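>>> Got a predicted model here, sequence first, then my questions.
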Amino acid sequence: MTTIPDLTAESTSDRRIKSFRSIPSPDTIRSELPLTARRAITVQNDRDEIAAILAGADDRLLVVVGPCSVHDPIAAIDYARRLAPLAKEYADRLKIVMRVYFEKPRTTVGWKGLINDPGMDGTFDVERGLRTARSLLLDIIDLGLPVGCEFLEPTSPQYIADTVAWGAIGARTTESQVHRQLASGLSMPIGFKNGTDGNIQVAIDGVKAAAAQHVFFGVDDFGHGAVVETAGNEDCHVILRGGTAGPNFDAESISTAVAALAKASLPQQVMIDCSHANSGKDHVRQAEVAEEIAAAVRAARENGDQVTISGVMLESFLEPGAQSPDARPLTYGQSVTDKCMGWEASVGVLAALARS
Ligand SMILES: O=C[C@H](O)[C@H](O)COP(=O)(O)O
Ligand SMILES: C=C(OP(=O)(O)O)C(=O)O
């Protein structure tokens with residue numbers, strides 16, 4: 001006969017939790033590294049411009065460009081210093097936002113980004129990660145560039161979202177209710193990626209869900225458990241990133257997506273991610289995809305057709321390709337996650353997009 005163990009409430013909980021480590025509240029980190037009124041005006045203006053482009057009310061192209069992930073703040077600032085003059089030069093044709101991604105969703109396991117493990121050494125100094133991330137975001141804004149982040153952890157936005165002009169929900173979380181609720185309360189336009197299998201409807205459903213009001217569990221600015229009520233975010237859009245069956249930036253895939261958006265009574269505009277499954281994660285191919293998008297936009301404008309591509313995403317860093325996060329020494333300015341276009345190729349692609 002099996003005896004039922006006499007388990008107390010304590011002994012049945014946290015059986016797989018190894019530790020809890022407290023971190024400072026969002027309010028503490030934000031007070032240490034304040035946005036300031038001057039930067040707040042810049043961030044809000046950038047959000048408004050981006051929302052107008054995504055709604056089809058401003059005919060510039062939104063370009064979200066930067067490393068797949070930030071691991072070295074010095075290289076990220078170096079990149080931002082090079083990008084800022086181009087953003088200014090092309091400002092009448094392109095709205096350039098720097099991709100400053102600190103949270104990486106993984107297919108299975110791997111380095112989860114600078115906030116989670118800033119030392120890339122398994123020490124998981126999240127407190128340092130949060131401060132480093134916020135401080136870098138402020139420095140990039142001071143260079144005159146709007147910043148774009150993927151939001152992955154449901155509570156991390158409270159530490160950094162006030163600095164962010166555009167955000168993304170990734171392919172692995174686009175169908176998650178938690179992330180849709182999160183997007184419904186975020187203050188900036190949010191792009192939902194299609195699913196990793198290529199399913200576009202889940203991204204459209206994400207946009208619809210995020211536009212609605214929600215009530216859910218969260219934490220407040222002081223780190224206390226809270227019931228969060230959101231107003232809904234009407235500035236959300238779809239990002240086509242390809243899927244397991246291949247790319248989805250061709251004319252037919254775009255018109256299928258646009259028809260589905262129309263059916264859902266949403267703006268008939270998409271952003272194309274030139275990386276990920278649209279380039280087979282090949283950075284050389286990514287530049288070609290971007291040139292093809294530039295040509296398609298130019299042709300639509302010349303023919304007087306409706307331009308349904310309002311944005312482009314590019315993974316770009318100082319050096320082409322990628323290296324392992326475990327490599328020592330690390331190559332300066334090279335991605336430790338997906339392969340990125342190098343700086344020279346990126347300059348060429350931005351010029352082609354500006355010409356479109
Ligand atoms: O953009 C980065 C990656 O494509 C994404 O985080 C998944 O990476 P993985 O398949 O290497 O885990
Ligand atoms: C993880 C990313 O993309 P996706 O969600 O499309 O795989 C990304 O853009 O970094």
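Yep, that arrived. Numbering: from 1, shown residues only. Ligands and ions are numbered 1, 2, ... in the order given.
>>> Is Val65 located within a strand, as I assumed?
Yes - per DSSP: H, G, I helix; E, B strand; the rest coil, Val65 lies within a strand segment.
>>> if you skip the residues just before and after it, what's nearest to the one residue in the stretch 51-200 of the chain that gets nearest to ligand 2?
Residue of the stretch 51-200 of the chain nearest ligand 2, by CB to the nearest ligand atom: Gly170 (3.0 Å). In short, each C-beta sits where N, CA and C put it, glycine included. Among residues not flanking Gly170 along the chain, Pro105 sits closest, at 4.8 Å (CB to CB, 6 or more residues apart in numbering).
>>> what residues are up against the one you found?
Pro105 makes contacts with Glu150, Leu152, Gly170, Ala171, Arg172, Thr173, as judged by CB atoms under 8 Å, 6 or more residues apart in numbering.
>>> Tell me, what's the model's pLDDT at it?
The score at Pro105 is 98. That number is its pLDDT.
>>> Can you say which two of the contacts of Pro105 are spatially most distant?
Farthest-apart pair in the contacts of Pro105 is Leu152 and Ala171; separation 11.8 Å (CB to CB).
>>> on that earlier part again, selection in ChimeraX covering whichever of the contacts of Pro105 are buried, please.
Selecting only the buried entries of those in ChimeraX, with 16 or more other CB atoms under 10 Å as the criterion:
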select :150,152,170,171,173
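>>> how about the contacts of Pro105 in CSV, adding secondary structure?
Shown next, in CSV, are the contacts of Pro105 (three-state DSSP):
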residue, secondary structure
Glu150, strand
Leu152, coil
Gly170, coil
Ala171, coil
Arg172, coil
Thr173, coil
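>>> Let's have the contacts of Pro105 in JSON lines, adding pLDDT and distance to Ser25.
Below are those laid out as JSON lines (pLDDT from 0 to 100; distance: CB to CB, whole Å):
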{"residue": "Glu150", "pLDDT": "98", "distance to Ser25": "23"}
{"residue": "Leu152", "pLDDT": "98", "distance to Ser25": "20"}
{"residue": "Gly170", "pLDDT": "98", "distance to Ser25": "26"}
{"residue": "Ala171", "pLDDT": "98", "distance to Ser25": "31"}
{"residue": "Arg172", "pLDDT": "98", "distance to Ser25": "28"}
{"residue": "Thr173", "pLDDT": "98", "distance to Ser25": "24"}
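>>> ok, so of the contacts of Pro105, who is nearest Phe249?
The nearest one, if we look at the contacts of Pro105 relative to Phe249 and count by CB to CB, is Ala171, at 14.6 Å.
>>> Skipping its backbone neighbours, what lies nearest that closest one in space?
Nearest one to Ala171, counting by CB to CB, 6+ apart, is Lys193 at 4.1 Å.
>>> and the gap between the closest residue to ligand 1 within the stretch 151-300 of the chain and Asp282?
Closest approach between the stretch 151-300 of the chain and ligand 1, counting by CB to the nearest ligand atom: His276, at 5.9 Å. Using CB to CB, to the nearest Å, we find His276 at a distance of 11 Å from Asp282.
>>> is it true that Tyr101 touches Glu150?
Yes - Tyr101 is within contact range of Glu150, at 5.2 Å (criterion: CB atoms under 8 Å).
>>> Would you mind listing what in the stretch 201-350 of the chain touches ligand 2?
Arg241, Asp273, His276 (CB under 6 Å from any ligand atom).
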